[in-house]
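A.B. asks: A structural model of the following input is requested.
(chains A and B)
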Amino acid sequence: MCSGKAKGRLKLWLGLLVMIVLTPLGLLASGTAWGEWGSDEIKSLVGFIPKGLQRFSDLWKAPLPDYSFKGWEGAPFLHSAFAYIASAVVGVAVVLGMTYLLGWLLAKSKENNG
Amino acid sequence: MHIPDGYLSPQTSGVLLAAMTPIWIRASQKVKRTLQARNVPLMALGAAFTFTIMMFNVPIPGGTTAHAVGGTLVAIALGPWAATIAVTIALVVQAIFFGDGGILAIGANCFNMAFVLPFVGYYVYKTIASRINPNPRYKWLAAGIGSYVGINAAALVAAIEFGIQPALFHTAQGVPLYSPYPLSVTIPAMTIPHLLVAGVVEAIVTAGVVAYLQRSGEPLFNQGRKQVDTARSVDTAAQS
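C.D. replies: Residues are numbered from 1 along each chain as shown, chains lettered A, B, ... in the order given. Next comes the predicted model:
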C-alpha cells in the first residue's frame, strides 16, 4: 500500500512535467485577459491612459516579461513556445525552491518550539 | 485575474496588503502546526502546480483570455491555509519574474487568488462532502463544485476591486486615475468568462485530480483529525 502511494506521488510529479511541456497550448488563446492590458491597449480601449495608471504601470521590469525573453514580442510561435516552456521551468524551479525552504523553516521552528 | 500595477490606487493596494498580512501570519502558524514533514514535497508540488496551470490561458468569446488557478485543489489536499501559502508563492514568483500581476498589487492578487479562492472553494467542498453527501465516492463532485464556486468568488472580488476605482479615485474633472471602468462593466467582464469557461476548466481539473488522489491512497486534508507527525507519535508511544 505504501509503495502504491509512492507510485501515485511519482505520477503527480510526472504530471507536472507533462503540464510544463504542454504550457505552449496556453499561448494559442489570443488576446489579453480582461483588466491586464498594457498602456497602449488601454489607450485604444478608452481613448486615454489614466494618469495614475501611467505612473505605476511600469514600476517593475520583470526579467522574463510575459513568460518570454526581452525583445521576443511577436516572435514566431515556435520561438515563443520555447520561451514559454523555459519560463515554466524557471518559474517551477523557483516556486519549488521557495516552498521547500519555507516548509523546512516551518518544520524546523516547530521542532524548536515543541 | 492578475491585477497589474496602476489599475488599483495605492490606497486600495495598501488596504488589501494590510488585510493579507494577518492572513499570511495565521497561515504560517497553522501550517507550522499541521504540516507533516513528509507533506512538504506535496505542498511544493501544489505551489508548482498552481504556478503552471495559470499559464494555460483559455480563449474567451470576445477576444480575451482567462485561466484556472488550482487553489481549491491544493486546499482539499493540504488544507486552506497551506493553499494560501502555496498560491502566494506562485503569485509572488509570477509578479517578480514574469511581470504577471503587479508588485504593488501583490496584496490584492493574493487576497483574491490565495485567500478568497481556496477558502470559498474548500468550505463549499467541505459542506457538500460532509453534510449533503458524505459518501466518499462523490468527493470528486464536491471538489469540482467547490473549485467552481471558489474561482468565481475570486473573480467577483477582483471585479469589485477594479470597479470601485473610477468612483473613488478621479481628477477634479471626474477623469479616472486608475482602472477606468465602473462596477456595471467590471462585474460582467470578470465573472462571465469565469462562470462560462475558466470555472469549468478549474472544476474539471480539480475533480479529476481529487479522484486520482483518492484512487492512489493519498489522504485528503481532514480538519477534524488531529494531524501529528508520525515520527513524534511513535516517540510518544515509546515513552508512555
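
A.B. asks: ok, which stretches of chain B are helices?
C.D. replies: B:10-34, B:40-53, B:71-78, B:80-98, B:106-110, B:117-127, B:139-163, B:165-168, B:183-193, B:199-215, B:230-239 (DSSP state H).

A.B. asks: Tell me which of the ones you listed sits nearest to A:L96.
C.D. replies: Of all the helices of chain B, helix B:40-53 sits nearest to A:L96, with 4.9 Å by C-beta to C-beta. In short, each C-beta sits where N, CA and C put it, glycine included.

A.B. asks: Residues touching the closest one, excluding its own?
C.D. replies: A:9, A:12-13, A:16, A:19-20, A:23, A:88, A:91-92, A:95-96, A:98-100, A:103-104, A:107, B:31, B:35, B:67-71, B:73-74, B:77-78, B:82-83, B:85-87, B:89-90, B:93-94, B:205 (C-beta atoms under 8 Å, 6 or more residues apart in numbering or on different chains).

A.B. asks: so how far is the biggest helix by length in chain A off the chain centroid?
C.D. replies: Longest helix of chain A, by residue count under DSSP H: helix A:77-113. For helix A:77-113, the separation from the chain centroid amounts to 11 Å (computed by C-alpha atoms, centre = their mean, to the nearest Å).

A.B. asks: what's the answer for stretch A:6-25, then?
C.D. replies: In terms of C-alpha atoms, centre = their mean, the centre of stretch A:6-25 is set 16 Å apart from its chain centre.

A.B. asks: Next: stretch B:31-48.
C.D. replies: So, by C-alpha atoms, centre = their mean, the centroid of stretch B:31-48 is 16 Å from its chain's centroid.

A.B. asks: Can you tell me which of the contacts of helix B:40-53 are buried?
C.D. replies: In the contacts of helix B:40-53, burial by neighbour count holds for A:9, A:12, A:16, A:19-20, A:23, A:88, A:91-92, A:95-96, A:98-99, A:103, A:107, B:31, B:35, B:67-71, B:73-74, B:77-78, B:82-83, B:85-87, B:89-90, B:93-94, B:205, counting by 16 or more other C-beta atoms under 10 Å in any protein chain shown.

A.B. asks: Let me see the confidence value for B:A237.
C.D. replies: pLDDT, B:A237: 45.

A.B. asks: pLDDT weak spots in chain A?
C.D. replies: A:1-3, A:111-114 (pLDDT under 70).

A.B. asks: what's the domain layout of it?
C.D. replies: According to automatic domain parsing, chain A comprises the domains A:36-60, A:68-114.

A.B. asks: Wait, B:L35 touches A:W104, no?
C.D. replies: No - counting by C-beta atoms under 8 Å, A:W104 is not a contact partner of B:L35; they are 10.4 Å apart.

A.B. asks: Now B:Y7: closest residue in space, sequence neighbours ignored.
C.D. replies: Once flanking residues are discounted, B:Y7 sits nearest to B:S179: 4.3 Å by C-beta to C-beta, 6 or more residues apart in numbering or on different chains.

A.B. asks: Give me the distance between that neighbour and B:G163.
C.D. replies: Here the distance between B:S179 and B:G163 works out to 8 Å (C-beta to C-beta, to the nearest Å).

A.B. asks: helix or strand for A:L22, which one?
C.D. replies: Here A:L22 sits within helix A:2-22, counting by DSSP states H and E.

A.B. asks: what's next to whichever helix or strand comes after that helix, contact-wise?
C.D. replies: The helix or strand immediately downstream of helix A:2-22 is helix A:39-46, counting by DSSP H and E. Contact partners of helix A:39-46, identified using C-beta under 8 Å, 6+ apart, comprise A:32, A:37, A:49-50, A:53-54, A:57-58, B:180.

A.B. asks: how about B:H67, phi and psi?
C.D. replies: When read as degrees, to the nearest 10, the backbone of B:H67 gives phi -150, psi 160.

A.B. asks: what residues are up against it?
C.D. replies: Taking C-beta under 8 Å, 6+ apart, we find B:H67 in contact with A:26, A:33, B:1, B:53-58, B:198, B:201.

A.B. asks: just these now: which is nearest B:M113?
C.D. replies: Nearest to B:M113 among the contacts of B:H67, counting by C-beta to C-beta, is B:M1 at 6.1 Å.
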